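# sequence and predicted structure below; questions after.
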Amino acid sequence: MILASAGTAGRSSRALFLIFLLVTLFYSVASEARAQSIDAEEQYMVRLINEYRAQNGLSQLKISVALTRSADWMGADMIANNYFGHIDSLGRDPFVRMTAFNYNYNGYRGENLAAGYDDAVRTINQWKTSQTHNSVMLNSNFNVIGISRVYGAASRYRYYWTTDFGSYIDQTFDGTQSVRTVNAANYSQTVSPDALAASFGTQMTSSTASAPATPLPTSLGGISVTVNNVNAPLLFVSPTQINYLIPSGIGSGIAQIVVKNGAAIIATGTVTVDYISPSIFTVSANGSGTAAAQTTFDGVSFQAAANTDGSARALSVGTSTRPNYLILYGTGLRRRSSLSGVQVSIGGLAAQVNFAGAHPAYGGLDQLNVRLPLELRGRGLVDVNVIADGRSANTVKVNVGN
């Protein structure tokens with residue numbers, strides 16, 4: 001469907017727990033305000049239109065901030081009110097609407113609409129076969145474009161495309177967005193080599209994919225990430241979140257993050273890199289609250305430190321002859337200078353650390369094996385603090401029973 005307008009104007013339980021931990025990591029949610037940007041398929045549409053114009057000897061269109069905001073609003077309005085047409089729910093034609101979004105310049109303007117297809121190729125092919133739509137794309141008076149593709153599951157056509165055109169070159173942008181990159185366990189903006197990181201953006205891809213096996217791929221669902229121009233191994237990609245490993249050779253300092261969909265750069269950002277970035281995963285997947293941890297008396301049978309509803313389970317400290325060990329899972333710890341450089345306190349009491357390093361099976365995942373002090377018996381909910389080489393991890397909690 002298209003419209004155009006133009007004019008002037010046990011081990012098994014332990015394994016299951018770790019899989020749950022990683023799935024929780026993949027689906028953690030951070031609220032990020034959308035900057036002016038367009039997703040990969042929208043970028044592809046602009047590229048296709050510009051290539052088509054170049055084939056016909058016409059100038060390249062720049063992406064207008066105002067016209068993209070106008071197009072975004074129009075797509076959302078069609079979904080919210082379940083219609084398809086150039087006159088919006090407020091009774092405005094495209095030219096009045098563009099003016100309302102501060103594209104209020106003298107000159108030529110135009111609009112193409114399409115509905116039904118999620119991809120740029122089939123959509124532009126619809127426009128090419130329509131004389132009216134084709135003339136809008138190949139109008140030599142146009143210098144800027146606004147683009148939007150929106151999705152509404154309950155709407156008639158589900159996918160709606162809006163392209164707004166203008167002759168006056170107003171404020172433009174290059175189409176890429178800024179991503180916020182954080183430590184995947186505690187959401188601090190410091191990461192380290194071989195640690196798990198998460199980058200958050202909007203509409204970075206149209207699908208969700210997880211790495212099927214190791215070794216981890218450097219391209220997943222068409223998405224790739226580089227850190228200082230080094231390909232990052234990927235664990236998970238989705239429209240709003242990408243999880244990956246910081247490559248081993250990245251040095252300390254400010255690192256450049258580049259996200260690509262195919263060959264197109266869709267997002268960029270920076271993150272601080274330190275040689276370690278100690279952090280502990282939590283059940284809530286936001287770096288606070290109950291630790292995503294286990295306990296074991298013998299290294300064979302394991303119990304989760306949280307109940308199925310996410311609340312902290314009462315842990316036994318064991319006895320002097322049969323101590324209980326707390327297994328904490330985190331990232332950014334494996335490069336600590338020595339085991340003695342790692343200190344753990346539970347409820348204010350120093351705890352013996354038997355191991356602090358890489359998990360043997362899961363890339364980027366680190367673990368600490370800590371003996372629960374007998375003096376904690378019956379203390380209830382207490383803080384767990386981890387310090388590695390003088391750097392503090394996020395404070396987490398466990399519940400110590402009798």
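Arrived safely. Please read all numbers here as calculations on a predicted model, not as lab measurements.
# first to last residue in stretch 86-106, what's the distance?
Stretch 86-106 has an end-to-end distance of 20 Å (C-alpha to C-alpha, to the nearest Å).
# tell me the buried residues in it?
Buried residues in stretch 86-106, counting neighbours by 16 or more other C-beta atoms under 10 Å, are found at 86, 88, 92, 94-95, 97-101, 103, 105. (C-beta placed from N, C-alpha, C; glycine too.)
# ok, the residues you listed vs residue 66, which is closest?
Residue 66 lies nearest to residue 103 out of these, by C-beta to C-beta, at 4.1 Å.
# my guess is that closest one contacts residue 65. True?
No. Residue 103 is beyond contact range of residue 65, at 9.0 Å (criterion: C-beta atoms under 8 Å).
# okay, and the common contacts of these two?
Counting by C-beta atoms under 8 Å, 6 or more residues apart in numbering, the shared contacts of residue 103 and residue 65 are residue 170.
# who are the contact partners of the closest residue to residue 391 other than its chain neighbours?
Computed as C-beta to C-beta, 6 or more residues apart in numbering, the closest residue to residue 391 that is not its neighbour in sequence is residue 278, at 5.6 Å. Residues near residue 278 by C-beta under 8 Å, 6+ apart: 330, 332-333, 336, 386-388, 391-393.
# which stretches of the stretch 1-150 of the chain form strands?
Listed from the start of the chain, the stretch 1-150 of the chain has strands (DSSP state E, counting those that start in this stretch) covering 2-8, 62-64, 108-115, 144-151.
# export those to JSON lines and tack on mean neighbour count and distance to residue 400?
Below are the strands of the stretch 1-150 of the chain laid out as JSON lines (neighbours: other C-beta atoms under 10 Å; distance: least, C-beta to C-beta, whole Å):
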{"stretch": "strand 2-8", "mean neighbour count": "17", "distance to residue 400": "65"}
{"stretch": "strand 62-64", "mean neighbour count": "22", "distance to residue 400": "57"}
{"stretch": "strand 108-115", "mean neighbour count": "25", "distance to residue 400": "59"}
{"stretch": "strand 144-151", "mean neighbour count": "24", "distance to residue 400": "48"}
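# those: which one's closest to residue 197?
strand 144-151 (27.8 Å).
# state the mean pLDDT of the very next helix or strand once past that closest one.
Proceeding C-terminally, strand 144-151 gives way to strand 159-166 as the next helix or strand, assigned by DSSP states H and E. On average, the pLDDT along strand 159-166 is 97.
# keep only those of the contacts of residue 278 that are in strands.
330, 386-388, 391-392 (DSSP state E).
# now those residues: which count as buried?
330, 386, 388, 391.
# excluding chain neighbours, what is closest to the second one?
Counting by C-beta to C-beta, 6+ apart, residue 393 is the residue found nearest to residue 386 once chain neighbours are left out, at 4.1 Å.
# ok now do that neighbour, which residues does it touch?
186, 278-280, 330, 333, 385-387.
# could you export those residues as a markdown table, including distance to residue 167?
As requested, those are exported to a markdown table (distance: C-beta to C-beta, whole Å):
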| residue | distance to residue 167 |
| --- | --- |
| 186 | 50 |
| 278 | 56 |
| 279 | 52 |
| 280 | 56 |
| 330 | 56 |
| 333 | 57 |
| 385 | 62 |
| 386 | 60 |
| 387 | 61 |
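# thinking again about what came up before, which of the ones in strands among the contacts of residue 278 lies closest to residue 124?
Looking across these and measuring by C-beta to C-beta, the closest to residue 124 is residue 330, at 47.1 Å.
# bridge partners for that closest one, pull those for me.
With DSSP bridges as the criterion, residue 330 is bridged to residue 280, residue 366.
# so what pLDDT did it get?
Residue 330 is given a pLDDT of 97.
# with residue 206 instead?
pLDDT, residue 206: 76.
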